[in-house]
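I would like to see how this sequence folds:
(one chain, ligands or ions: 1)
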Amino acid sequence: MDVVDVIRAKRDGRRLSDEQIEYFIRSYTDGSVADYQAAALLMAIVWRGMEADELVKWTAEMVASGDRMDLSSVSMPTVDKHSTGGVGDKVSLPLAPIVAACGAADPMLSGRGLGHTGGTLDKLEAIPGFRVDLAPDEMLRVLNQVGAVICAAGPGLAPADGKLYALRDVTGTVESIPLIASSIMSKKIAERTDALVLDVKVGSGAFLPDIALARELAETMVKLGEAHGIRTSALLTNMDTPLGRAAGNGLEVTESVETLSGRGPEDLMEVILALATEMLELAGIDADPRSAIDDGSALEKWKEMIRAQDGDPNAALPEAAERSEVVAESSGVLTKLDARAVGIAAWRLGAGRARKEDPVSPSAGVVCLKKPGDEVSEGEPLLELHADEPGRFEPAIAALDGAVEIGREATEPQPMVIERIRA
Ligand code: URA
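The predicted structure follows:
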């Protein structure tokens with residue numbers, strides 16, 4: 001087979017045959033197809049798209065490029081959640097112990113953050129001693145013992161995606177529904193849980209701000225999951241405003257523990273409970289996630305999980321050396337707090353990284369003291385900025401220009417869960 005024929009076929013808008021897909025993914029993963037040829041095919045896919053069954057095969061080949069997890073030793077129903085990422089999106093941290101407390105097992109393989117949305121592993125690494133790099137047998141041991149484990153996805157899972165995603169990043173080919181859906185789902189299908197719930201964020205702080213595109217991505221991913229034998233559904237959730245009050249690694253851990261203790265912010269609780277309910281339903285478990293918070297069992301699971309991964313759940317988290325505030329310029333009601341701007345500010349304060357190899361600060365970030373709908377008085381603090389060095393405040397404050405609006409009356413509160421998408 002000739003890779004140029006594969007590129008020409010897609011360039012001219014034809015469906016790739018199963019053999020062409022098999023050949024391309026295998027040859028690109030083993031290095032016999034060059035980056036420039038793969039880039040040409042990716043650009044043709046951006047423009048021409050993929051048919052539904054073509055995408056199922058493409059995704060199956062990405063999964064087959066690496067290992068698949070073997071969860072057969074886990075006695076509980078297995079279920080996972082994936083989020084397309086948002087500002088203050090610490091949902092994974094309380095969610096895994098909540099569903100574990102309800103009788104499911106959640107092997108949450110996560111990533112690090114890049115850009116203005118944080119990564120789950122970066123957040124957990126703010127906890128002294130916590131280890132995210134677990135060998136597969138260790139991951140299974142924690143999962144069986146606790147029912148929840150949050151660790152790094154090893155390089156063995158869908159390696160074709162690792163190569164393709166790095167190439168897409170530098171060739172302007174990230175923005176394509178079939179390429180995004182196959183990238184996310186290849187890693188989730190390789191996990192082989194019984195069920196999967198996707199949290200597709202919509203709004204200014206989301207990867208896809210536009211609702212129509214977010215819906216199309218959600219529908220495509222749900223179909224891919226189901227075609228690969230995983231009960232899959234998606235919730236479209238609001239990401240116009242940061243989720244909860246904290247954006248930044250250690251700050252989000254603190255908020256997660258408060259949430260597990262029953263003192264979480266309303267918007268965060270709403271999203272967590274909606275996702276937990278969906279996960280338990282797909283896993284076939286009849287339990288109320290709210291009661292796992294009320295009776296303390298979810299918090300207990302959190303502590304068990306942290307200890308099982310060598311962290312100290314009672315240790316103090318690192319605190320930033322420097323603080324600054326953004327205050328209200330007038331009195332009234334906060335009508336807008338832009339998620340993307342807060343994400344960029346947290347990133348510039350040190351909570352995020354610009355390149356994969358950069359370190360992140362465990363203590364930097366933004367605390368939203370006020371959220372839309374809250375009354376504010378002129379001069380009152382709206383945002384608290386945390387950083388390790390004072391030089392970080394000026395660029396962070398510049399990112400917040402226009403992020404806050406104060407009006408006379410509160411606008412209609414937006415529902416956090418916008419839509420549910422099932423097969
Ligand atoms: N996240 C992924 O894992 N892949 C994409 O293509 C986009 C976001």
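
mind listing what whichever residue of the stretch 301-423 of the chain sits closest to the ligand touches?
Closest contact between the stretch 301-423 of the chain and the ligand, by Cβ to the nearest ligand atom, is at Lys356 (13.4 Å). Any C-beta I mention is one placed from the backbone N, CA and C, and that applies to glycine too. Residues near Lys356 by Cβ atoms under 8 Å, 6 or more residues apart in numbering: Arg112, Leu114.

can you tell me how far it sits from Gly111?
In this structure, Lys356 and Gly111 are 10 Å apart, going by Cβ to Cβ, to the nearest Å.

so, in contact with the ligand or not, stretch 94-110?
No. Against the ligand, stretch 94-110 shows no contacts by Cβ under 6 Å from any ligand atom, the least distance being 11.1 Å.

what's the answer for stretch 221-234, then?
No. Taking Cβ under 6 Å from any ligand atom as the criterion, stretch 221-234 and the ligand are apart, separated by no less than 10.7 Å.

Show me the contact partners of that stretch.
Outside stretch 221-234, the residues that reach it (Cβ under 8 Å, 6+ apart) are 52, 55-56, 59-60, 63, 181-182, 184-185, 188-189, 192-200, 218-219, 278, 282, 420-423.

Keep only those of these that are also close to the ligand.
Answer for the contacts of stretch 221-234 near the ligand (Cβ under 6 Å from any ligand atom): Ile184.

Most proximal residue of the stretch 51-200 of the chain with respect to the ligand?
Closest point on the stretch 51-200 of the chain to the ligand, by Cβ to the nearest ligand atom, is Ser183, at 3.4 Å.

Next up, the contacts around the residue nearest to that residue when sequence neighbours are not counted.
In space, and not counting its chain neighbours, Ser183 is closest to Asp161: 5.2 Å by Cβ to Cβ, 6 or more residues apart in numbering. Going by Cβ under 8 Å, 6+ apart, Asp161 touches Met62, Ser65, Ser182, Ser183, Ser186, Lys187.

And stretch 50-58, how far out from the chain middle?
Here the centre of stretch 50-58 is set off from its chain's centre by 24 Å, with Cα atoms, centre = their mean, to the nearest Å.

Could the C-alpha coordinates of it be exported in CSV?
Extracted in CSV, the C-alpha atoms of stretch 50-58 (Å, rounded to 0.1, in the frame of the first residue of the first chain):
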residue,chain,number,x,y,z
MET,A,50,-14.9,11.1,8.3
GLU,A,51,-18.0,8.9,8.0
ALA,A,52,-19.3,7.4,11.2
ASP,A,53,-18.1,3.8,10.4
GLU,A,54,-14.8,5.1,9.1
LEU,A,55,-14.2,6.9,12.4
VAL,A,56,-15.1,3.7,14.4
LYS,A,57,-12.4,1.8,12.5
TRP,A,58,-9.9,4.7,12.8
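
and the stretch 51-200 of the chain, which residues reach the ligand?
Going by Cβ under 6 Å from any ligand atom, the residues of the stretch 51-200 of the chain near the ligand are Tyr165, Val174, Leu179, Ile180, Ser183, Ile184.

Apart from its neighbours in sequence, what residue is nearest the fourth one?
It refers to Ile180. Leu217 (6.1 Å).

ok, now Lys303?
Closest to Lys303 by Cβ to Cβ, 6+ apart is Pro313, at 4.2 Å.

Likewise for Glu409?
Val333 (6.1 Å).

Who are the packing partners of the strand or helix carrying that neighbour?
Element membership for Val333 (DSSP states H and E) is strand 332-337. Contacts defined by 3 or more Cβ pairs under 8 Å, 6 or more residues apart in numbering; DSSP states H and E place strand 332-337 against strand 375-376, strand 404-407.

Buried residues in the last one, which are they?
What it means is strand 404-407. Buried residues in strand 404-407, counted by 16 or more other Cβ atoms under 10 Å: Val404, Ile406.

Just the residues contacting it, thanks.
326, 328-338, 376, 382-383.

Pull up the pairing partners for it, direction included.
Sheet pairing for strand 404-407, assigned by DSSP bridges, gives strand 332-337 (antiparallel).

what does the first one give?
Note on strand 375-376: by DSSP bridges, its sheet partners are strand 332-337 (antiparallel).

Restrict the partner strand to CA atoms and write it as PDB.
What follows is strand 332-337, C-alpha atoms only, in PDB (Å, rounded to 0.1, in the frame of the first residue of the first chain):
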ATOM      1  CA  GLY A 332     -24.100  46.600  42.100                       C
ATOM      2  CA  VAL A 333     -24.400  42.900  41.200                       C
ATOM      3  CA  LEU A 334     -21.700  40.900  39.500                       C
ATOM      4  CA  THR A 335     -23.100  39.900  36.100                       C
ATOM      5  CA  LYS A 336     -20.000  38.400  34.500                       C
ATOM      6  CA  LEU A 337     -16.800  36.700  35.500                       C
END
